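K.L.:
mind looking at a prediction? Sequence and model below.
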Amino acid sequence: MIDPHRLRNELEETVRQLERRGYRLDKKHFQALELKRKEVQVQTQQLQQDRNVRSKAIGQAKAAGEDITPLKGAVSELGDKLKVTETRLEEIQQALQDTMLEIPNIPHESVPDGRDENDNVEIRVFGDKPVFEFEPKDHVDLGEGLKLLDFEAAAKLTGSRFMTIQGALARMHRALIQFMLDLHVREHGYLEVYVPYIVNAESLQGTGQLPKFSEDLFALQRDGRCDEFYLIPTAEVPVTNLLRDEILDEGDLPLKFVCHAPCFRSEAGSYGKDTRGMIRQHQFEKVELVQAAHPEQSYEILEEMTRHAETVLKRLGLPYRVVALCTGDIGFSAAKTYDLEVWLPGQQKYREISSCSNCEDFQARRLQARWRNPDTGKPQLLHTLNGSALAVGRTLVAIMENYQDGNGRIHVPPVLQSYMDGMTVIE
RNA sequence: GGAGAGGUGGCUGAGUGGUCGAAAGCGGCGGUCUUGAAAACCGUUGAGGGGUAACCCUCCCAGGGUUCGAAUCCCUGCCUCUCCGCCA
């Protein structure tokens, strides 16, 4: 949620900044609601004050042994009036809240203007694309050729957009998770956490997936009731929600979490997109970085966190590039995002493998995630950041395609060999 | 699944109908003392919101109800803990 004060006091400017990312705020609607809110709130508070004063007087009269019957009658009427305005105020505030929960974050000034992913800006490129003396296969042909990847089996078990992996490839998949976790824990100083894969609606509202993006989620039913629990679409949700309703000490910042978790996405809006292979699945594994930061440090930390994600690609020897998402392509909760795109020889394209975002205080406000500022003694909103480091399924795809040889074998990147009993090639 | 106990400020914890937004302790902040620190002592210290301001309102898990008045009484839900049973 963006700052309500900002919305009230700098509405024009805020509207302009939201337009940069293609969001049109209904200014009239908001202003009308806000005007009504003010009027009804003042009225309600006056009535409340009146009631409080009179009730107190009744208490004193009673203590003095006076007759309180006439006093009671007058306050009784007041109570009825109060009930009406209180209800009205509640409705208005709810409407205002509903409106504000659907407004996306304001893009940081450094975010390039643009409409969609075509306007994203390449920041840096790393690694050499592999040169093959044969026609490189894509990961589906490689995996099915080795009988290690089976989409039909998964379709039988569940449906489309699921997969099964077997043997050495399943092992490499697991090795990747271990490797990434170890790297971030040992060298980057993150605290490993294990969290629930099922969360409630409140958590999803905290990080911004709800109320607006329910169609992207898998909702669970229990006792015939739904809409209470959801499968997590990313570990960002449970991990960032660890901060909910907490007040941290300044000395605790930045708080750095790393978490491996499966992610579940309904991909409702992407029929026909990436239907081949494991690029876009309903279920995939991800190692996620989450940080709670001092507001003045969050942009430094975004750079650092992006480097942490890049380190995974570098150690694995995968060519990639970093792009800054444009205003039209950043996510709902993000103020700024870098995507890491890995080179896929099978597609002859860079494909997203990580997304690192600074949400500033947007999520923190929804979460009431704060730190105590020693200068003021007051709690103040944190900045939250999250980044994939990395999406495991897509990393596996990248290794398969970049490390293939002319015989359809897949070589094991050196850093993974110790996680696979020294195995050097999958054949 | 059965039986019981409980959810109060940053934390621990008192408070069972009327200046209670809430005792006390811890923690935090400021001060005295000290070369400095610790200890001791004194003071101070919840959050959110409205208003130019004085000031006012809301909040004691959540939602309803009773009452002139609710942290306190009643109902529902959620959560936590203890014991028994079952179980990976």
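P.N.:
Happy to help now that I have it. Numbering: from 1, shown residues only, chains lettered A, B, ... in the order given.
K.L.:
near RNA strand B, which residues of the stretch 101-250 of chain A are found?
P.N.:
A:Ile247 (C-beta under 7 Å from any atom of the strand). In this view, the C-beta of every residue, glycine as well, is placed from N, C-alpha and C.
K.L.:
so where do the strands sit in the stretch 1-150 of chain A?
P.N.:
A:121-126, A:149-150 (DSSP state E, counting those that start in this stretch).
K.L.:
and what of the stretch 151-300 of chain A?
P.N.:
A:164-165, A:191-192, A:198-200, A:219-222, A:225-231, A:247-249, A:255-264, A:283-293.
K.L.:
now these as TSV including mean pLDDT and mean neighbour count?
P.N.:
Formatted as TSV, those follow (pLDDT from 0 to 100; neighbours: other C-beta atoms under 10 Å):
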stretch	mean pLDDT	mean neighbour count
strand A:164-165	96	18
strand A:191-192	94	12
strand A:198-200	91	17
strand A:219-222	81	11
strand A:225-231	74	15
strand A:247-249	87	13
strand A:255-264	96	21
strand A:283-293	97	25
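K.L.:
dump those strands to JSON lines, plus distance to A:Thr85.
P.N.:
Compiled in JSON lines, the strands of the stretch 151-300 of chain A are given as follows (distance: least, C-beta to C-beta, whole Å):
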{"stretch": "strand A:164-165", "distance to A:Thr85": "61"}
{"stretch": "strand A:191-192", "distance to A:Thr85": "49"}
{"stretch": "strand A:198-200", "distance to A:Thr85": "32"}
{"stretch": "strand A:219-222", "distance to A:Thr85": "37"}
{"stretch": "strand A:225-231", "distance to A:Thr85": "31"}
{"stretch": "strand A:247-249", "distance to A:Thr85": "33"}
{"stretch": "strand A:255-264", "distance to A:Thr85": "43"}
{"stretch": "strand A:283-293", "distance to A:Thr85": "39"}
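K.L.:
A:Asp375: which of these is closest?
P.N.:
A:Asp375 lies closest to strand A:247-249 among the strands of the stretch 151-300 of chain A, at 13.4 Å (C-beta to C-beta).
K.L.:
what's in contact with that closest one?
P.N.:
Strand A:247-249 has contacts (C-beta atoms under 8 Å, 6 or more residues apart in numbering) with A:255, A:292, A:370-372, A:379, A:382.
K.L.:
kindly report the same for stretch A:30-46.
P.N.:
So stretch A:30-46 is contacted by A:7-8, A:11, A:82, A:85-86, A:88-89, A:92-93, A:95-96, A:99 (C-beta under 8 Å, 6+ apart).
K.L.:
picking that back up, can you tell which of the strands of the stretch 1-150 of chain A is closest to A:Leu313?
P.N.:
strand A:121-126 (7.4 Å).
K.L.:
returning to what we had before: among the strands of the stretch 1-150 of chain A, which is the most enclosed?
P.N.:
Most buried of the strands of the stretch 1-150 of chain A by mean neighbour count (mean count of other C-beta atoms under 10 Å) is strand A:149-150; its value is a mean of 20.
K.L.:
residue of the stretch 101-250 of chain A closest to RNA strand B, please.
P.N.:
Nearest to RNA strand B in the stretch 101-250 of chain A, going by C-beta to the nearest atom of the strand, is A:Ile247, at a distance of 4.9 Å.
K.L.:
look up how far A:Pro379 lies from that residue.
P.N.:
5 Å (C-beta to C-beta, to the nearest Å).
K.L.:
overlap in contacts, those two.
P.N.:
If you check A:Ile247 and A:Pro379 against C-beta under 8 Å, 6+ apart, the residues they both contact are A:370-372.
K.L.:
just the buried ones from those residues?
P.N.:
Buried members of those, scored by 16 or more other C-beta atoms under 10 Å, are A:370-371.
K.L.:
how's chain A carved up into domains?
P.N.:
A:26-101, A:117-426 (automatic domain parsing).
K.L.:
pLDDT (mean, whole number) over the first one?
P.N.:
Throughout domain A:26-101, pLDDT has a mean value of 87.
K.L.:
where does chain A have its least confident helix or strand?
P.N.:
strand A:225-231 (a mean of 74; mean pLDDT, DSSP states H and E).
K.L.:
show me the helices in the stretch 301-427 of chain A, by range?
P.N.:
A:362-367, A:392-402, A:414-417 (DSSP state H, counting those that start in this stretch).
K.L.:
report the contact partners of A:Leu289.
P.N.:
A:184, A:190, A:256-258, A:305, A:308-309, A:356, A:385-389.
K.L.:
and which of those is nearest to RNA strand B?
P.N.:
A:Phe257 (19.8 Å).
K.L.:
low-confidence ranges, the stretch 101-250 of chain A, go.
P.N.:
A:223-227 (pLDDT under 70).
K.L.:
in it, which spans are helices?
P.N.:
A:139-145, A:151-157, A:167-186, A:201-207, A:236-241.
K.L.:
quick one: low-confidence ranges for the stretch 301-427 of chain A?
P.N.:
Looking at the stretch 301-427 of chain A by pLDDT under 70, you get an empty list.
K.L.:
near RNA strand B, which residues of it show up?
P.N.:
A:374, A:377-379.
K.L.:
which stretch among the helices of the stretch 101-250 of chain A comes nearest A:Arg16?
P.N.:
Per C-beta to C-beta, nearest to A:Arg16 of the helices of the stretch 101-250 of chain A: helix A:201-207, 26.1 Å.
K.L.:
what packs against that closest one?
P.N.:
Under the contact definition 3 or more C-beta pairs under 8 Å, 6 or more residues apart in numbering; DSSP states H and E, helix A:201-207 sits against strand A:225-231, helix A:236-241, helix A:362-367.
K.L.:
contacting residues around the closest residue in space to A:Ile330 that isn't next to it in sequence?
P.N.:
In space, and not counting its chain neighbours, A:Ile330 is closest to A:Thr337: 4.8 Å by C-beta to C-beta, 6 or more residues apart in numbering. By C-beta under 8 Å, 6+ apart, the contact set of A:Thr337 is A:324-325, A:329-331, A:355-358.
K.L.:
for stretch A:248-256, output the C-alpha coordinates as CSV.
P.N.:
What follows is stretch A:248-256 as a C-alpha-only set of coordinates in CSV (Å, rounded to 0.1, in the frame of the first residue of the first chain):
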residue,chain,number,x,y,z
LEU,A,248,12.8,-4.7,14.9
ASP,A,249,15.8,-3.0,16.6
GLU,A,250,18.0,-0.9,14.3
GLY,A,251,20.9,-3.2,15.1
ASP,A,252,19.0,-6.2,13.7
LEU,A,253,19.0,-4.6,10.2
PRO,A,254,19.3,-5.8,7.6
LEU,A,255,17.6,-9.1,8.4
LYS,A,256,18.6,-11.6,5.7
